[in-house]
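Asks: give me the fold of what follows.
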Amino acid sequence: MTSPTLAPSGTHASSSPAPAYDAVPTTSTVAADRHVDDHHHHAGSHYHADHAEEQVDLSHISKAAEATVVDETSSGDDGADLKGATPAPAADPYPGQIDGGWTAWLVVLASFLAHLSAFSIQYSYGIFQVWYQTVDFPTASPASLSLVGTLGPASMFVAGLVSGRLAEERGFRPVMTLGAIILGAGMVLASFATEVWQLALTQGVMYGVGSSLVYFPVIALPNQWFNKKRSLAVGLAVSGSGVGGLIGANAVQALLPAVGSAWTLRILGIASFALLMVAVALSESRIPTKKRNDPIIDFTMLRDKQFLLMLVGSCLIPFGYLTPFYYLPAYTVKIARKAPSFAAFLLTILNVASIVGRIATGYIADKIGNINSFIISVIAAGVTMLAFWLPAGTSSALLIIFAITFGYLAGGFISLTPVVAAQLFGIARLPSMLGLLYAVTAIGNLSGNPIAGAIIGSASHDVMPSREYTWAIVFSGAIMILGTAGTVILRFVVLERRFWVAL
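Replies: As a prediction, this is how the structure comes out:
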């Protein structure tokens, strides 16, 4: 059994002919990140220029965005009248070389290792559940064992509401070290569990809280060290979760029959702790810690219309994103009438394509724009469900095409979300902002698969080739496409209406 893998500057304006995609800075270029802590309490939209390469060119800003810039200017936020002028680029207030150098790429490696360590455990739980049900806890209900696996990501996202803020105030390394200790201890303590509720507390909650204290600081770090190559750097970092899913699933599959669940849990806990401590040693933040007096969960961000539009996608897209990872194997055996080995082969293809997609989408996003790439990849991923999976029936070719295309395209949702947030709101408070964004994704992550399962369970044998899976596939594909509505409005109504602009 293979477990699922989850699955984010351009050129200056000139008088020369515009390329296919013109890089257009958003209003983020008005104020540098060094001002963010002075203005965090203000409602409304605040963008931040992360690096000196970015310049404001009001001729490229939509009228609505220009009005916002002028409004903020007149209120004294950046102390200059920008109307009709092009200010000098804001200086980067933080130390360290960006877009290259040993430190920057070692930070990417640290983020990769942290993703690999944390998500290898999460994505291998399906294999643990089968073992628990048949060997360790044969009298336990499937629902209670499923709850253990659900509590991990749920605790991770809920704890994200505070873990990012802790990193900003207490430092990235101390918070990540605490997370590594809690995660490793949770897995080791799980090896002594004799009741399912003990697994829920250790392999569920402790693992989730520990991984949260690691994940939200480490997903923000590459954004600090890269500007022009930011999407590629983050794509390389988050590909660690896909690699971790493949390694973890195969390792657990081999270890359980060889040494049993207790020693498998201990090995995973110790190995994860060791890798996470390497990640801690390699992690380096450019932004100094700063104590803040506002509430630890800053809900004032919910007054920002750009942030609210991002929340739409964070809430809706996960309802459909995970469906293929969980239900494609069952579909392959039941509807396509293929061997379980072919189902495992498809899931492996899906996972590998997702790894490649996270990296490739990041590289492309640096060329055509992060928000553009996010919209294209998510809409196209939803379309592949309707175009390839829905009519697949018993066709091996269509199922393989679907696994490749969906895996590749869906990776953009994972790799580009933090990059888009950094582009719009700056890097100074990115960990806490991502904590709130990802807390909202928990709604879809926890509800999407049960909804799809309920649709499948209640469906009659439809005349479509996908039979009782028909409406679950339609629901999943449609809600992913619908989930981009907020980002589309943000891109083409709030920021820039021209299609060919890199944004």
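Asks: tell me the SS of the residue nearest the centre of the chain?
Replies: Taking C-alpha atoms, centre = their mean as the criterion, Ile414 is the residue nearest the geometric centre of the chain, at 3.5 Å. The local conformation at Ile414, judged by DSSP: H, G, I helix; E, B strand; the rest coil, is helix.
Asks: which pLDDT value belongs to it?
Replies: Reported pLDDT at Ile414 in the predicted model: 85.
Asks: wait, doesn't it sit right on Ser241?
Replies: Yes. Between Ile414 and Ser241 a contact is recorded at 7.4 Å, counting by C-beta atoms under 8 Å. (Each C-beta comes from the backbone N, C-alpha and C, glycine too.)
Asks: quick one: average pLDDT of stretch 377-386?
Replies: 95.
Asks: give me the distance from that stretch to the chain's centre.
Replies: 17 Å (C-alpha atoms, centre = their mean, to the nearest Å).
Asks: ditto for stretch 299-311
Replies: Worked out by C-alpha atoms, centre = their mean, stretch 299-311 lies 18 Å from the chain centre.
Asks: where is the longest helix in the protein?
Replies: As assigned by DSSP state H, the longest helix anywhere in the chain is helix 230-282.
Asks: so which elements touch it?
Replies: helix 102-123, helix 125-131, helix 172-190, helix 207-225, helix 340-368, helix 370-384, helix 396-425 (3 or more C-beta pairs under 8 Å, 6 or more residues apart in numbering; DSSP states H and E).
Asks: and the angle from the last one to helix 230-282?
Replies: Looking back up the chat, that one is helix 396-425. 80 degrees (axes from the mean of the first three to the mean of the last three C-alpha atoms, to 10 degrees).
Asks: which strands and helices sit next to helix 396-425?
Replies: helix 207-225, helix 230-282, helix 305-321, helix 323-334, helix 340-368, helix 370-384, helix 430-458.
Asks: list the buried residues of it.
Replies: For helix 396-425, a neighbour-count test (16 or more other C-beta atoms under 10 Å) marks 398-425 as buried.
Asks: do the shortest one as well
Replies: Neighbour-count burial for helix 125-131, counted by 16+ other C-beta under 10 Å, picks out 125-129, 131.
Asks: where does the stretch 401-503 of the chain have low pLDDT?
Replies: 461-463 (pLDDT under 70).
Asks: so for the longest helix of the chain, mean pLDDT?
Replies: Rounded mean pLDDT across helix 230-282 is 92.
Asks: going forward can the numbers begin at 876, since that is how I track them
Replies: OK, 876 is where the count begins now, so the last one is helix 1105-1157.
Asks: how far is that helix from where the chain is centred?
Replies: 18 Å.
Asks: check stretch 1061-1080 too.
Replies: On C-alpha atoms, centre = their mean, the centre of stretch 1061-1080 falls 27 Å from that of its chain.
Asks: and stretch 1283-1294, by the same measure?
Replies: 7 Å.
Asks: and stretch 1237-1245, by the same measure?
Replies: Put simply, stretch 1237-1245 sits 16 Å off its chain's centre (C-alpha atoms, centre = their mean).
Asks: so what touches that stretch?
Replies: 883-885, 896, 898, 1103-1111, 1247-1249, 1287, 1290-1291, 1294-1295, 1298, 1376-1378 (C-beta atoms under 8 Å, 6 or more residues apart in numbering).
Asks: repeat that for stretch 1214-1232.
Replies: Residues contacting stretch 1214-1232 (C-beta under 8 Å, 6+ apart): 876-877, 879-882, 1114, 1117-1118, 1120-1121, 1199-1200, 1203-1205, 1207-1208, 1252, 1271, 1274-1275, 1278-1287, 1289-1290.
Asks: per-residue pLDDT, Ala942?
Replies: For Ala942, pLDDT reads 37.
Asks: swap in the one 4 residues further on?
Replies: If you check Asp946, the pLDDT there is 39.
Asks: which of the buried residues of helix 1000-1006 sits closest to Pro1306?
Replies: Tyr1000 (25.7 Å; C-beta to C-beta).
Asks: for the closest one, give me its contacts.
Replies: Contacts of Tyr1000 (C-beta under 8 Å, 6+ apart): 878, 1023-1024, 1027, 1078.
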